[in-house]
Structures are given as C-alpha cells and as structure tokens.
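Asker: below are the sequence and a predicted model; questions follow.
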Amino acid sequence: MLVFQSISKTFPSGISALENISFTVDKGEFIFLTGPSGAGKTTLMRLLTRNMDPSSGEILFQENNISTLKNQDLYKHKRQVGVVFQDYKLLYELNAWENIALALEILGKKESEIEQRVTDLLKLVNLTDKAFLFPSQLSGGEAQRISIARALASAPSMIFADEPTGNLDPENSLTIIKLLKKINELGTTVLVATHDQSLLDEFDKIRQIRLERGKIVKDTGANQPPAENVKAQNSNIKTKSEKPELETKKVKKDEAKKNNDKETEIEQEAQEKEEQKVKKPRISLPKIKLPFGKKKP
Ligand SMILES: Nc1ncnc2c1ncn2[C@@H]1O[C@H](COP(=O)(O)OP(=O)(O)OP(=O)(O)O)[C@@H](O)[C@H]1O
Ligand SMILES: [Mg+2]
C-alpha cells in the first residue's frame with residue numbers, strides 16, 4: 001500500500017533530515033515509527049502527505065508515485081491519509097461535532113450524510129455525550145479522540161498520528177493507542193510516530209520502524225525488500241510467510257483430484273473461499289442510530 005523507496009530529504013539550510021530511507025507498509029498494518037527528537041519522523045509524515053517533496057527517491061501510495069500527482073489526484077491522495085497531531089489542532093471556536101463535520105462539509109457531503117457520519121465517529125471514539133462541547137471544555141484525552149474522529153471523517157485508508165500521546169498522561173495515552181488499534185482492526189492502516197518507551201514496551205508485538213539521525217536503524221517487520229513486497233501486494237499471496245501454507249493446500253487439492261477424492265477436493269475449495277472472505281478488509285465504520293433528539297446545533 002505504501003512504499004518509501006530510497007527517500008532522502010535535505011532542507012535548503014543543508015540539514016539532512018532523511019537519508020536513503022526504504023520501507024514498505026502493507027494494507028491493514030499498524031506500525032510504530034520511533035526514534036529520538038530530530039530523527040526525521042515528522043519529516044517522513046510531511047513527505048507522505050505531500051506537504052513537501054523528497055530531495056530524491058520515490059514514494060508510492062496505492063501504486064501511485066505521489067510526487068507526480070496533480071489537482072484532483074493530489075486532492076484525493078490527501079483525503080486518503082488522515083493526520084493526527086500532538087497538539088490536536090482543533091478549531092477552538094467550533095464545538096466537537098462541528099470540528100468533525102467541517103471536514104465533511106469541505107468535501108461537499110450532503111447534510112444527512114454528514115450527520116450520520118459524525119454520529120458514527122463520535123460513537124467510535126466514545127464521545128457522543130461531549131458532542132456539543134468546545135475544545136476548551138474537553139480534557140486532553142478527549143480532545144485527541146475528537147481529532148482522531150476528524151482525521152477519519154474522509155474515510156482515509158491510512159492514519160498517520162504524529163506523537164498523538166505527547167501531551168497525555170499514561171492512562172490517556174493507553175486509551176488513545178487502544179482506540180487507534182480498534183480503528184486499525186476496522187480496516188484503516190495506522191502509523192504512529194512516538195518516542196514513548198512505555199507504550200512501545202506495552203505493545204511490543206507491534207512492528208517498529210526506528211529512525212536515528214534520518215536513517216532506519218531497526219525495522220521489526222521488514223522481512224522482504226520493497227520491490228518484492230509490491231509484487232506480493234498485486235497478487236493474492238500477501239506475504240512470504242503465507243505462501244508455504246497456500247502451497248500445501250494446493251498440493252492437497254491436486255492430490256485429491258488425482259485420487260478422485262471429490263469430498264476432500266470440495267472441502268479444500270470451500271475452505272479457500274471461506275478464508276478469502278475473512279481476509280477481505282472491513283473498511284466501513286459501524287452504523288449506529290442517532291443518539292440525539294435534535295440535529296446539528
Ligand atoms: N522546515 C525545515 N527546515 C530545516 N530543517 C528542518 C525542517 N523541518 C525539520 N528540519 C530538521 O530535520 C530534522 C528532523 O526533524 P523532524 O521534525 O522530522 O524530527 P522528529 O523525529 O519529528 O523529532 P521530534 O520527535 O522532536 O518531533 C531535524 O534536524 C530538524 O531540525
Ligand atoms: Mg516530530
């Protein structure tokens with residue numbers, strides 16, 4: 001879904017923020033981007049959202065080289081990557097509902113659609129009862145959950161959260177990561193930039209890409225070079241590790257065919273179909289009933 005291929009970024013001041021970075025993100029992954037201050041995490045996000053261009057290398061997002069996107073395609077790309085910031089960046093003169101709705105109004109959505117979507121998102125972040133409060137009336141954890149709901153408004157396929165827990169206490173930090181995990185389970189790919197070691201320890205099974213001085217020094221999930229991974233994305237076989245399992249099944253099916261064992265053959269086919277169904281990513285958010293007696297204030 002995302003390929004960073006030999007990306008370097010040097011600013012006009014001569015500072016080199018990223019040096020020859022390569023990694024691949026598959027659809028549906030959850031990744032921590034870690035590293036000390038100044039390592040290049042935010043720079044990487046700005047490149048991904050096309051807020052700036054790399055000095056060299058290519059970024060492929062859903063098979064498009066994002067440096068070449070223009071007009072409608074660039075606009076569409078920006079909608080595909082939702083961003084969450086450490087300081088929330090909510091509009092303080094708008095209430096929680098309106099902060100989320102604004103993103104949809106900008107997209108030109110119909111009022112009924114906006115109402116349903118905002119309702120769903122508030123339910124998802126468990127803040128239905130705080131819908132009409134202003135950011136100054138929300139706790140830090142609540143404000144961050146509203147900013148996550150806003151980032152999801154355009155139904156992006158990826159969320160990049162840049163230090164989303166940087167201003168929060170450990171309990172709220174955990175709530176935010178659990179919420180992002182839930183969003184990930186609903187089908188959105190999630191990248192979280194963080195240097196919170198306690199979170200990394202708590203979620204130690206999650207893939208970590210560690211940057212230091214603009215270079216990748218650790219990637220706990222990288223088991224194949226990007227080019228090969230892109231090829232795998234284009235076929236039904238997603239990763240190397242899944243391949244032997246599929247091959248064993250094929251052998252079993254072929255053997256059954258050879259031995260005229262119709263029952264095993266049918267059983268194998270049914271199992272394959274069932275597995276394909278399960279692997280289909282769920283991308284829609286849960287639909288819920290309007291909790292309010294009134295509409296948007
Ligand atoms: N617009 C810019 N102009 C010049 N240098 C920049 C610019 N943006 C970032 N840098 C430099 O690039 C390097 C990487 O910065 P970046 O903000 O990506 O780090 P980071 O990993 O996000 O750090 P932090 O954890 O503190 O947020 C730093 O040395 C920084 O000073
Ligand atoms: Mg940063």
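Answerer: Nice, thanks for sending it over. Just so you know, these numbers come straight off a predicted model, no measurement behind them. Ligands and ions are numbered 1, 2, ... in the order given.
Asker: what residues does the protein put near ligand 1?
Answerer: Contacts of the chain with ligand 1, taken as CB under 6 Å from any ligand atom, map to 11, 13, 15, 17, 35, 37-43, 195. For glycine as for every other residue, the C-beta is placed from the backbone atoms N, C-alpha and C.
Asker: buried subset of these?
Answerer: Buried subset of the residues of the chain next to ligand 1 (neighbour count, 16 or more other CB atoms under 10 Å): A17, G35, A39, G40, K41, T42, T43, H195.
Asker: pLDDT for the residues you listed - can I get that in a markdown table?
Answerer: Shown next, in a markdown table, are these (pLDDT from 0 to 100):
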| residue | pLDDT |
| --- | --- |
| A17 | 97 |
| G35 | 95 |
| A39 | 96 |
| G40 | 97 |
| K41 | 97 |
| T42 | 97 |
| T43 | 97 |
| H195 | 90 |
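Asker: now, the residues of the chain next to ligand 1 that are in helices?
Answerer: K41, T42, T43 (DSSP state H).
Asker: for these, give me TSV that also has distance to E105.
Answerer: Output for those, formatted as TSV (distance: CB to CB, whole Å):
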residue	distance to E105
K41	31
T42	28
T43	31
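Asker: ok, those residues vs L122, which is closest?
Answerer: Among those, T42 lies closest to L122 (CB to CB), at 28.2 Å.
Asker: check contacts around the residue of the stretch 101-250 of the chain found nearest ligand 1.
Answerer: Closest approach between the stretch 101-250 of the chain and ligand 1, counting by CB to the nearest ligand atom: H195, at 5.8 Å. Residues near H195 by CB atoms under 8 Å, 6 or more residues apart in numbering: T34, G35, P36, S37, E163.
Asker: list the beta-bridge partners for the first one.
Answerer: I take that to be T34. On the basis of DSSP bridges, T34 is bridged to R210.
Asker: distance of E93 relative to E111?
Answerer: Computed as CB to CB, to the nearest Å, the E93 to E111 distance reads 21 Å.
Asker: who has more neighbours out of the two?
Answerer: E111 (12 against 9; other CB atoms under 10 Å).
Asker: pull the contacting residues for N172.
Answerer: Applying CB under 8 Å, 6+ apart, the residues near N172 are S139, G140, G141, Q144, T165.
Asker: in PyMOL, how would I select the buried members of these?
Answerer: Written as a PyMOL command, the selection of buried residues from the contacts of N172, which uses 16+ other CB under 10 Å, is:
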select buried, resi 140+141+144+165
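Asker: so which of the contacts of N172 belong to helices?
Answerer: Among the contacts of N172, the members found in helices (DSSP H) are G140, G141, Q144.
Asker: closest one to ligand 2 out of the residues you listed, please.
Answerer: Nearest to ligand 2, judged by CB to the ion, of the ones in helices among the contacts of N172 is Q144 at 15.9 Å.
Asker: what about the closest one, distance to T175?
Answerer: Q144 is 9 Å from T175, where distance means CB to CB.
Asker: likewise A151?
Answerer: To T175, A151 is 16 Å away according to CB to CB.
Asker: tell me which of the two has more neighbours.
Answerer: The residue with more neighbours, out of A151 and T175, is A151; 23 against 19, by other CB under 10 Å.
Asker: quick check: which element contains that one?
Answerer: Here A151 sits within helix 140-152, counting by DSSP states H and E.
Asker: repeat for R46
Answerer: helix 41-48.
Asker: which residues does that helix contact?
Answerer: With CB under 8 Å, 6+ apart, helix 41-48 has contacts from 2, 4, 7, 9, 17-18, 21, 33-35, 52-54, 59, 61, 66, 81, 83, 160, 162-163, 191, 193, 211, 214.
Asker: tell me how far I159 lies from E58.
Answerer: I159 sits 22 Å away from E58, taking CB to CB as the criterion.
Asker: more neighbours: which of the two?
Answerer: Higher neighbour count among I159 and E58: I159, with 22 against 15, using other CB under 10 Å.
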